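Chemist: pasting the sequence and the predicted model now:
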Amino acid sequence: MKTVCLIAAASALTLAAALPARAQEGDASAAPGAEDASASTPVTSADPAARGDTPEAQKGYDISARSDRTDTGFSDSKVAAKMVLRNAAGQESVREFTFSTLEKADESVGDKTLIVFQSPRFYDGTALLSHAKILDPDDQWLYLPATKRVKRISSDNKSGAFLGSEFAFEDFTTTELNKYTYKYVGEDEIDGVKTDVIERYPRYEKSGYTKQKSWVDQDIFQTRKVEFYDRKGDLLKTLTLSDYREYDGIWRSHLFSMVNHQTNKETDLQFDDYQFKTGLDAGDFEQAILTRLR
Amino acid sequence: MSSKIRVIAAGGLAAVISAAAISAGAPARAQGFEVSAEISAEVRYFADGPLYDGQLERWQPSFVLEPEILWSNEDGKHQVAILPFYRGDTRDEEREHFDLREAYYRFNSDDNWSLTAGLAKIFWGRTESRHLVDIINQTDAVEDIDEEDKLGQPMIHLNVLRDWGTLDFFAMTGFRDRTFPGRDGRLRFELVVDTDNPIFERDGRRAAPDFAARYSHYVGSWDFGVSVFHGTSREPRFAIDQAGGRIRPVYDQITQGSIDVQYTKDAWLWKAEAIIREGHGRTFFAGVGGFEYTLYQVFGTGADLGLLTEYQYDDRQDGIVIEDFGAENAAPFPGGPPAGTAVIAAPITIADNDVFMGARLALNDIQDTTLLVGGTIDTNDQSTGMFVEAERRLGEDWAVELQARLFLNADPDNFLFVFANDDFLNLRVTRYF
């Protein structure tokens, strides 16, 4: 029964999509209103309900849409990741895994993601496969190496903790543009970088948040910081994204640091160098492949 | 495994994880050698004294060694796995045993098929309380009575992955006998199983080939599989030698067809398995089905609580029949009747008309603490088998598991009655290397 925790954890499979607000669905990466966005991206229609009708809402939406678009077009990727959990007393626990991601073929479907755990050794070889969906719940399978069992699991959890960390499932799975409405609130500076500050409000059900506040830089359009406000409206967590590196126009943060202000616990999510366009195809992301991983 | 576009692994992939690099051609598949091991120390404490002569008293200390050697070439096309298993047990010599859980070579084609040759473990099925459909591997029954531990099965296995589903074909030989506790062991029948003298229905005995095939796929919220098996049954019947105080396992030739299905909706998992089997007395049907429902973040914490209920049904033949096993086994017991031996008509099952209920709690804490509690109650006579399994990690390299099994209200006519005095606690501490 050692992998029971992971059953819940699988909901966070689209972790690769954690990268700042990845586009999903008709999420209108190139919203018509985003005039200042790169003209090279095909323009699809924005979700009017997500974009809103006030100037502040639309500006917030458009800035987010532009940020979104800078992360697509990678085809497939592989990366080794390390999650360091730290409690208030400073004690640490480390989890290591590799991520493989197959970018969605078109906007009617989501990304496919495979996570294989290496440590703790307790979880060595355990794998989580996810086929992200747009409106329907994601399809997710868990592989348990001790029994060779592939088990379809529920993707219903949203505000629960990912593997005991300070990241909630929805921090990873609900980054799609149209899952929020937005409000532009002004400009700010973080470490000498000029940023736009935008508030976003979940449109999906069962969120643990009433509001998120994000800082998107005006230089490479990447999210630098996010504040999460709980159901009571109090500041719950702050996420800092740093160590951005560019791979042929695709930006990836290599350090996600989440601090919970109410428990004083922290989680760092560190990534090694990404490999893109490694030749993975849909067959590498089928549930039947899980028994062949080793 | 398919890497249609071969890409050279990017040099300098920093921070290689546990001595294994990520290969370019396969998703998160380790390349090169990966060697690790688990060592566990275990002790069982039985709450009551033994019911049968010769059984150990209260304490049963033991240990387990499980090395793991994995190898894959750079593009993941060629894989080798060697997973030996050794249980040392000073109290029950039948429980002290070695097995190769896995020892195989696999070729992964670019065209999404693979061929595996060697000893391997295969799991089929969906349900939690009973694994009816899972038939490829023999049960290592001295490990535990839950039929979750399996012996490595020699096989050639072809796996073909297509848009329309997955096909698996198996050709097997080298039949593995089921393990059973010895005279000293607890959790046995009154008569000791004479594992050195099994009776085989088929010529060729252990070398006789078995064949199996499976089609599995998923469509939307449905996952399903259809399987067939023809060969020597992994489940033995028993020939009874009352005077000699022993029983001999009888391995028959059977043909089994099965289906298994799961429907996943929100926090609900609906699961069912069913088999039809020919070769054990009259042809029979057995099924198990139910649900698993998960409550997230219960009690105002990050913990998840899963609730499980399954109904088990099995209409296999009851009772004892007199059979003649032919020249080779005509008089299986010294002094017994020369032609005709008393044999249980079909392998024993307790899951004939039972309800399983369980709950599992995952705390989702740093130490991955989990608790599983369950019980199976016979709807006819209320005989109940209960279990508790609690597990957590201790730091990065250690884990501890506490397990308990209780046999409550066992009716003398229920098979469970043989375990009536075998309530036990099992503490297991594992170190990972």
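Modeler: Sure thing, it's come through.

Chemist: going forward, measure contacts and count neighbours with C-alpha atoms only.
Modeler: Fine.

Chemist: residues near the residue nearest to B:Phe415 when sequence neighbours are not counted, how many?
Modeler: Nearest residue to B:Phe415, sequence neighbours excluded (C-alpha to C-alpha, 6 or more residues apart in numbering or on different chains): B:Ile350, at 6.2 Å. Applying other C-alpha atoms under 10 Å in any protein chain shown, we find 17 residues neighbouring B:Ile350.

Chemist: B:Ile350 contacts B:Phe417, correct?
Modeler: No: in this structure, B:Ile350 is not within contact of B:Phe417 by C-alpha atoms under 8 Å, at 10.4 Å.

Chemist: do a quick rundown of the strands in the stretch 251-400 of chain B.
Modeler: Under the criterion DSSP state E, counting those that start in this stretch, strands of the stretch 251-400 of chain B are mapped to B:253-265, B:268-279, B:281-295, B:304-314, B:320-323, B:341-344, B:353-362, B:370-378, B:384-394, B:398-408.

Chemist: quick one on the thing from earlier: and the residue nearest to B:Phe415, how close does it get to chain A?
Modeler: Separation of B:Ile350 from chain A (C-alpha to the nearest C-alpha, to the nearest Å): 23 Å.

Chemist: what residues does that residue make contact with?
Modeler: B:Asp378, B:Asn414, B:Phe415, B:Leu416 (C-alpha atoms under 8 Å, 6 or more residues apart in numbering or on different chains).

Chemist: SS state for B:Glu235?
Modeler: coil (DSSP: H, G, I helix; E, B strand; the rest coil).

Chemist: list the residues that contact it.
Modeler: B:Gln138, B:Arg178, B:Tyr251, B:Pro347.

Chemist: and the nearest residue to the last one once chain neighbours are set aside, what are its bridge partners?
Modeler: Spatially, and ignoring its direct neighbours in sequence, B:Pro347 is nearest to B:Arg237 (4.4 Å; C-alpha to C-alpha, 6+ apart). Beta-bridge partners recorded for B:Arg237 (DSSP bridges): B:Val250.

Chemist: surely B:Arg237 touches B:Thr349?
Modeler: No: look at B:Arg237 against B:Thr349 with C-alpha under 8 Å: they stay out of range, at 10.5 Å.

Chemist: so between the two, which is more surrounded?
Modeler: B:Arg237 (21 against 14).

Chemist: residues near B:Met155, how many?
Modeler: By other C-alpha under 10 Å, 23 other residues sit near B:Met155.

Chemist: my guess is it meets B:Gly118, correct?
Modeler: Yes: applying C-alpha under 8 Å, one finds B:Met155 in contact with B:Gly118, separated by 5.6 Å.

Chemist: may I have the beta-bridge partners of B:His217?
Modeler: Counting by DSSP bridges, the residues bridging with B:His217 are B:Phe224.

Chemist: per-residue confidence for it?
Modeler: Per-residue pLDDT puts B:His217 at 96.

Chemist: so who does it touch?
Modeler: B:Trp164, B:Gly165, B:Thr166, B:Asp223, B:Phe224, B:Gly225.

Chemist: ok, the fourth one - contacts?
Modeler: Spelled out, that is B:Asp223. Taking C-alpha under 8 Å, 6+ apart as the test, what B:Asp223 contacts is A:Arg152, B:Ser216, B:His217, B:Val261, B:Gln262, B:Tyr263.

Chemist: count of neighbours near the second one?
Modeler: Pointing back at B:Ser216 there. 20.

Chemist: find the nearest non-adjacent residue to it, please.
Modeler: With sequence-adjacent residues excluded and distances taken as C-alpha to C-alpha, 6+ apart, B:Ser216 is closest to B:Gly225, at 4.0 Å.

Chemist: contacts only, for the one you found.
Modeler: B:Gly225 neighbours (C-alpha under 8 Å, 6+ apart): B:Gly125, B:Arg214, B:Tyr215, B:Ser216, B:His217, B:Ile259, B:Asp260, B:Val261.

Chemist: so where does the residue in the stretch 101-250 of chain B positioned nearest to chain A fall, helix or strand?
Modeler: Here the stretch 101-250 of chain B gets closest to chain A at one residue, B:Phe123, 5.6 Å apart by C-alpha to the nearest C-alpha. For B:Phe123, there is no enclosing helix or strand under DSSP states H and E.

Chemist: now it: phi and psi?
Modeler: phi -120, psi 130 (degrees, to the nearest 10).

Chemist: counting neighbours, what do you get for it?
Modeler: Count around B:Phe123 with other C-alpha under 10 Å applied: 17.

Chemist: now do A:Trp251
Modeler: Quick note: A:Trp251 (other C-alpha under 10 Å) scores 18 neighbours.

Chemist: now B:Arg176
Modeler: B:Arg176 has 18 neighbouring residues, counting by other C-alpha under 10 Å.

Chemist: ok, B:Gly54 next?
Modeler: 12.

Chemist: where does pLDDT dip in the chain?
Modeler: No chain was given, so I picked chain A. A:1-46, A:105-109, A:134-136, A:173-176 (pLDDT under 70).

Chemist: I was thinking of chain B, sorry if that wasn't clear
Modeler: B:1-30, B:204, B:326-340.

Chemist: ok, the spatially most central residue of it - contacts?
Modeler: Nearest residue to the geometric centre of chain B (C-alpha atoms, centre = their mean): B:Glu148, 3.1 Å. Applying C-alpha under 8 Å, 6+ apart, we find B:Glu148 in contact with A:Thr147, B:Thr139.

Chemist: what of A:Val216?
Modeler: A:Val216 makes contacts with A:Ile63, A:Ser64, A:Ser67, A:Thr195, A:Asp196, A:Val197, A:Ile198, A:Gln222, A:Thr223, A:Arg224, A:Lys225, as judged by C-alpha under 8 Å, 6+ apart.

Chemist: who does the helix or strand harbouring it pair up with?
Modeler: Assigned by DSSP H and E, A:Val216 belongs to strand A:211-217. Strand A:211-217 has its sheet partners listed here by DSSP bridges as strand A:193-202 (antiparallel), strand A:223-229 (antiparallel).

Chemist: roughly how far is it from the heart of the chain?
Modeler: Centroid separation between strand A:211-217 and its chain, computed with C-alpha atoms, centre = their mean, to the nearest Å, is 14 Å.

Chemist: do the same with stretch A:204-213
Modeler: With C-alpha atoms, centre = their mean, you get 15 Å for stretch A:204-213.

Chemist: what does that stretch contact?
Modeler: Contacts for stretch A:204-213 (C-alpha under 8 Å, 6+ apart): A:158-159, A:170, A:179-180, A:197-202, A:226-233.

Chemist: just list the residues touching A:Gln270, thanks.
Modeler: With C-alpha under 8 Å, 6+ apart, A:Gln270 has these contacts: A:Ala81, A:Lys82, A:Met83, A:His254, A:Leu255, A:Phe256.

Chemist: roughly how far does it sit from A:Ser253?
Modeler: As for A:Gln270, its distance to A:Ser253 is 9 Å (criterion: C-alpha to C-alpha, to the nearest Å).

Chemist: before we move on, what about B:Arg87?
Modeler: Counting by C-alpha to C-alpha - B:Arg87 and A:Ser253 are separated by 47 Å.

Chemist: could you do A:Thr263 as well?
Modeler: 25 Å.

Chemist: tell me if I'm right that A:Asp217 and A:Asp191 touch.
Modeler: No: here A:Asp217 lies out of contact with A:Asp191, judged by C-alpha under 8 Å, at a distance of 10.6 Å.

Chemist: which of the two has more neighbours?
Modeler: A:Asp217 (22 against 6).

Chemist: without its sequence neighbours, what residue ends up closest to the residue at the greatest distance from the centre of chain A?
Modeler: Outermost residue of chain A with respect to the C-alpha centroid, by C-alpha atoms, centre = their mean, is A:Thr147; its distance is 30.2 Å. Distances taken as C-alpha to C-alpha, 6+ apart place B:Phe123 nearest to A:Thr147, at 6.8 Å, with adjacent residues excluded.
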